[in-house]
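Peer 1: Need a 3D model of the sequence below.
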Amino acid sequence: MKDLHVIRSSCRMCHGVCQVLVHMDGDRVIKVTGDPESPTSKGYICPKGMASPELLYHPERLTYPMKRMGDRGENKWTQISWEEAINEIVEKLDNVREEYGPEYFAMMQGTGRPYTLFNGRFANAFGTPNFVSPGHICFFSRVSASGVTMGGLPISDIYGFGGKTPKCVQSL
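Peer 2: From the prediction side, this is the model:
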């Protein structure tokens, strides 16, 4: 027996954050389509968004950490636990901070996403002022405009899951 249902959500394949309908069979995503009731994306979804179930369930998708076992370029890897991976990263970052100081470490991020703020907080907690991203140019202005017009989220919760539906949604 199939448990078919649809969940309204937002696509996170890019910073467009189009509103989508996630078609489910039980707890398995079977299809993603644009939401025709969305005041911002108006039912549009790009091929990347439509392909998200394929990416989610691709047999070659990594779902665990891999550690290089040979020289760079040899393509020799072994699976390790999340705990091992995190501990190794922490140890290497601690060594850099202790040997060279936190300013030796720099972070750079690509296109602005809602997690941009986490990266900046990480850099601050590590002690380095060396963090840059395109978000400083375009993404933060988008977040600020969204906060002023529709609430505190980078992309407004247009469906009102937070208990409030915005009174203003600008459509391009």
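Peer 1: Can you name the next helix or strand after the longest helix along the chain?
Peer 2: In the chain, with assignment by DSSP state H, the single longest helix is helix 82-100. Using DSSP states H and E, the helix or strand that follows helix 82-100 towards the C-terminus is strand 107-108.
Peer 1: mind listing what that following strand pairs with, with the direction of each?
Peer 2: Here strand 107-108 has these sheet partners by DSSP bridges: strand 131-132 (parallel).
Peer 1: who's in contact with the partner strand?
Peer 2: A106, M107, M108, Q109, N119, G120, A123 (Cβ atoms under 8 Å, 6 or more residues apart in numbering). C-beta: built from backbone N, CA, C; applies to glycine.
Peer 1: Using pLDDT, spot the least trustworthy of those residues.
Peer 2: Minimum pLDDT across these is recorded for Q109, with 79.
Peer 1: show me where this protein has helices.
Peer 2: Using DSSP H, helices in the chain cover 47-50, 52-56, 82-100, 116-126, 139-150.
Peer 1: re earlier: kindly reformat the contacts of strand 131-132 as a markdown table containing neighbour count and distance to D3.
Peer 2: Supplementary listing: the contacts of strand 131-132 in a markdown table, determined by neighbours: other Cβ atoms under 10 Å; distance: Cβ to Cβ, whole Å:
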| residue | neighbour count | distance to D3 |
| --- | --- | --- |
| A106 | 11 | 48 |
| M107 | 14 | 43 |
| M108 | 10 | 44 |
| Q109 | 19 | 39 |
| N119 | 16 | 38 |
| G120 | 17 | 41 |
| A123 | 19 | 44 |
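Peer 1: The residues you listed into CSV, with extra columns for distance to L93?
Peer 2: What follows is the contacts of strand 131-132, written out as CSV (distance: Cβ to Cβ, whole Å):
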residue, distance to L93
A106, 12
M107, 11
M108, 16
Q109, 17
N119, 14
G120, 16
A123, 11
